[in-house]
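*Asks:* coords please:
(chains A and B)
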Protein chains: 2
Amino acid sequence: MNSKTRSERLVVIGGCAAGMSAASKAKRMNKNLQVIALEKTPHVSYSACGIPYYVADLVRDARDLIAVTPEEFRDQRGIEVLIRHEVVDIHPVKKTVTAIQLDSGKEIGLDYDKLVIAVGGVPKKPELPGMNAKNVFTLQTLQDGLHIRKYIDEQRPKRTAIIGGGYIAMEMTEAFRQRFLEVSVIQKRDQILPDFEPEIAEKVAAELTRNEVKIFTASAATALEASGGGLAKNVIFADGRQLSVDLVLVSTGLAPNTKLAEMAGVRVGSTAAIVVDWKMQTNVSNIYAAGDCVEVKHLVSGKPDYIPLGPTANKQGRVAGENIGGGTAMFKGVVGTMVFKTFDLEVAKNGLNVAEAQRWGFDADKVTITENSKAGYYPGVKSITVTVIWDKRSRRLLGAQMVGQEGASKRIDVFATALTNKMTLDEMANLDVSYAPPFAPVWDPVLVAVNAARGKR
Amino acid sequence: MNSKTRSERLVVIGGCAAGMSAASKAKRMNKNLQVIALEKTPHVSYSACGIPYYVADLVRDARDLIAVTPEEFRDQRGIEVLIRHEVVDIHPVKKTVTAIQLDSGKEIGLDYDKLVIAVGGVPKKPELPGMNAKNVFTLQTLQDGLHIRKYIDEQRPKRTAIIGGGYIAMEMTEAFRQRFLEVSVIQKRDQILPDFEPEIAEKVAAELTRNEVKIFTASAATALEASGGGLAKNVIFADGRQLSVDLVLVSTGLAPNTKLAEMAGVRVGSTAAIVVDWKMQTNVSNIYAAGDCVEVKHLVSGKPDYIPLGPTANKQGRVAGENIGGGTAMFKGVVGTMVFKTFDLEVAKNGLNVAEAQRWGFDADKVTITENSKAGYYPGVKSITVTVIWDKRSRRLLGAQMVGQEGASKRIDVFATALTNKMTLDEMANLDVSYAPPFAPVWDPVLVAVNAARGKR
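*Replies:* Next up, the predicted model:
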């Protein structure tokens, strides 16, 4: 890699959604740019969000989760991908990075003109005795998914416990049940899905119970008791209760991975994630960052937030790439939209929940309605529950949450668009949303919820 | 009906969506209001949009389409409903209406303090020889639906022709095929769904063909040739071709019913429909109008338009009722959102098509993309085609159209909300719409289309 005669070079650290989006977009914008991506694991450009479906065996082959292979990046996109290369240092003055070839142990140096840090997050792991047992897993990378599925296929565990009650826990609960495993969900807080209003979380809890999942709320695991063979055999709770397990999944959230960035003088914010501007530039010249390692502006609160999600990583990567490639693009923030499926339910939210809204100084109120997902007389009608949260002073919409057997996943996007535009309830009251008997009642659940909010005194 | 001692009285002319919404909302707002609704047909408060599913026998009993019966209006809501009462005159100075009791032939007079005209539209009927044959139908009221289904059940027609190629024709095509009837669609213009871009209309045409429907485009029917028994037996085309039929459905659109209103001095606009303000008031004091007889402001063109659809009628009726009942509500307009199902397709649109946009002076361009409806690796993935139309000068979104086997019906609502907020393509590029593998690809089709539009030079 002779740097003397070469054209401008972009080095990307991290080969998942944000990194490879940045690499691809920059190269598409500027064919003369030399682009090298370094990835610690053996896999790049895969759908991390698809892993639960691979564990469930709904997706048979893990290769189906890979959008583009390293060979395809080289041959079809002119991008060099170095897998199993861990970057250990960034030298922003010399504009070089130092990486270790994990297979050989050799150290290499690479000059860059532009650098993208897209190293993602690291799973939060409570510090409990027994956490390092072989049958205790976290789920972030494709490798994690391969390990879990292999363990299920080969070791045939029967009883699983999931520590944590967020959306990945909910997806993995379904995945484990699809493999006919017993599942217990262990949640420290007094409800699963603590980011959701109780009205919504309760419906999800009922769906889990209907699918024979045991839920332990307000239950802190204090240790994983090991068997002779070095495997965790019991989850020990604070109150002394025990739960026998053959496999434990720890799903207690993600923290931004900022170690490298901080070594290079890149600023992290109040959320502990990397601070970037609208162009995805950090405070250090020529260093961009994107994906699960950066903080975002929450467009409802107006404050920095840490909401690591795949679509955001893809968008931020593309924006970084467009700017590096000579274009102009901006990523202004998110409204916190997320959706997941667990068993027969679609569960979605965006904006702020009541507690968050109050924390940010809003005079928050909420209302919850249940309505048909389509015309009541149309075969197969289901029900859908919608919670709307608003500010009583300005009457501005602050958030929405939904759960139902159909129609929640994309209806939440009406609220996403409304939140982006800072619409009031009154501006939304007669929104011209679509209607036909197979798809919605004549008053769509979105409008029913908004009008219930408007009518609340 | 002694008018001397009574409280204030609202008279509603027309008992379908707009009329009964107005009646119900006004009564809810003001319990002391006396509310009387007059309806020409035997039915009030039914889902006109559900009629195709009744004809298809997906909805077994027509009573399932009725939301509230006249008895329920009286007993549960305190609203008097007089069915089979046709209003024949309005006297705005005396503030009375004259109605005919259709069963007795008797004339009655009713005082009003507030009046709502919600008489809907009348089906357009081309003036062809043979149009009055017994086996030639239009579809607007529940009675029309009952007649068509009865004719199918009892006369067992085999070959049907639908004159017209709009969305109701598409719904009825599916309904007739579900009854195992042969269907020919006859369309004067050179494509079915002339309000849609050809890219979208072609996909619907292919779906019809796949379901053994014959499509005659650029084909004007000039006469319906009768048999001896007074039934239409042949459709005769301008070029001399003939098509043998046992049943003809004429579905060539709706015209606003303004006869009564005009007699009372109520102003109609350039669209030939009644002009109302944001409160649904006409130019005549104390007379409101709502539903398929009024024109609406199209929020994209900023111009009056005539777009008769159920949700609009419901909203306008409610707004009229809220204002009559002492509240304040406004109906500011529509963005032309509509969706329908035909066979396995969801078809949706809103905003302006290219021709309309050009007519209103926009420098319109469009782009069409096809994308997965969910993650490519997720079982059951379908494709969805999206057309985005925008103004090249301002880069403002002007319209969107979609077709696909799943996910079109509610995705169009993102565009509805964006059009309402007059968003530009750039403001939409990174919209925080929902993602999870069972529901969307990581770049939702909406964003893929918007970004394809952004990238078009």
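*Asks:* show me the contacts for residue A:327.
*Replies:* residue A:29 (Cβ atoms under 8 Å, 6 or more residues apart in numbering or on different chains). To be clear about C-beta, it is placed using only N, CA and C from the backbone, and glycine gets the same treatment.
*Asks:* Hmm, I typed the wrong one, I wanted residue A:326.
*Replies:* Counting by Cβ under 8 Å, 6+ apart, residue A:326 has contacts A:29-30.
*Asks:* swap the cut-off to 10 Å and go again
*Replies:* A:8, A:26, A:29-30, A:32-33 (Cβ atoms under 10 Å, 6 or more residues apart in numbering or on different chains).
*Asks:* what's the answer for residue A:16, then?
*Replies:* Shown in contact with residue A:16 (Cβ under 10 Å, 6+ apart): A:37, A:39, A:41, A:43-48, A:118-120, A:140-142, A:291-292, A:310, A:313-314, A:317.
*Asks:* Please apply the same query to residue A:324.
*Replies:* Counting by Cβ under 10 Å, 6+ apart, residue A:324 touches A:8, A:10, A:12, A:22-23, A:25-27, A:29-30, A:33, A:35, A:113-116, A:279-281, A:286, A:288.
*Asks:* if we can go back for a sec, among the contacts of residue A:16, which are within reach of chain B?
*Replies:* Contacts with chain B within those, as defined by Cβ under 10 Å from any Cβ of the partner chain: A:47-48, A:310, A:313-314.
*Asks:* List just the nearest of the residues you listed to residue A:146.
*Replies:* residue A:48 (12.5 Å; Cβ to Cβ).
*Asks:* Touching, the closest one and residue A:313? I think so.
*Replies:* Yes. In terms of Cβ atoms under 10 Å, residue A:48 counts as a neighbour of residue A:313; the distance is 8.9 Å.
*Asks:* so where is chain A shaky, pLDDT-wise?
*Replies:* A:1-6 (pLDDT under 70).
*Asks:* Find the centremost residue of it, please.
*Replies:* By Cα atoms, centre = their mean, the mean C-alpha position of chain A lies nearest to residue A:309, the distance being 3.0 Å.
*Asks:* Nearest spatial neighbour of that one, chain-adjacent residues omitted?
*Replies:* Closest residue to residue A:309 in three dimensions, ignoring its sequence neighbours and counting by Cβ to Cβ, 6 or more residues apart in numbering or on different chains: residue A:338, at 6.1 Å.
*Asks:* got a list of what residue A:372 touches?
*Replies:* A:378, A:381-384, A:404, A:407, A:440-441, A:443-445, A:448.
*Asks:* same for chain B: which of the residues you listed are within range?
*Replies:* Restricting these to those touching chain B (Cβ under 10 Å from any Cβ) yields A:378, A:407, A:440-441, A:443-444.
*Asks:* Highest neighbour count among these?
*Replies:* Among the ones next to chain B among the contacts of residue A:372, residue A:440 has the most neighbours (other Cβ atoms under 10 Å in any protein chain shown), with 28 neighbours.
*Asks:* what about that one, is that helix, strand or coil?
*Replies:* coil (DSSP: H, G, I helix; E, B strand; the rest coil).
*Asks:* For the stretch 201-350 of chain A, just list every one of the helices.
*Replies:* A:259-263, A:310-324 (DSSP state H, counting those that start in this stretch).
*Asks:* Just the buried residues of the last one, please?
*Replies:* Buried residues in helix A:310-324, counting neighbours by 16 or more other Cβ atoms under 10 Å in any protein chain shown, are found at A:310-324.
*Asks:* of all these, which comes closest to residue B:348?
*Replies:* When these are ranked by distance to residue B:348 (Cβ to Cβ), residue A:311 comes first, at 22.2 Å.
*Asks:* if I read this right, the closest one contacts residue B:448, doesn't it?
*Replies:* No. If you go by Cβ under 10 Å, residue A:311 and residue B:448 don't touch, sitting 12.0 Å apart.
*Asks:* rewinding a little: now, which of the contacts of residue A:324 lie within strands?
*Replies:* Counted as lying in strands by DSSP state E, out of those, are A:10, A:12, A:35, A:114-116, A:288.
*Asks:* Filter those down to the buried ones.
*Replies:* Neighbour counting with 16+ other Cβ under 10 Å marks A:10, A:12, A:35, A:114-116, A:288 as buried within those.
*Asks:* okay if I get these as CSV plus distance to chain B?
*Replies:* Listed next are these as CSV, based on distance: Cβ to the nearest Cβ, whole Å:
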residue, distance to chain B
A:10, 20
A:12, 18
A:35, 20
A:114, 21
A:115, 22
A:116, 17
A:288, 16
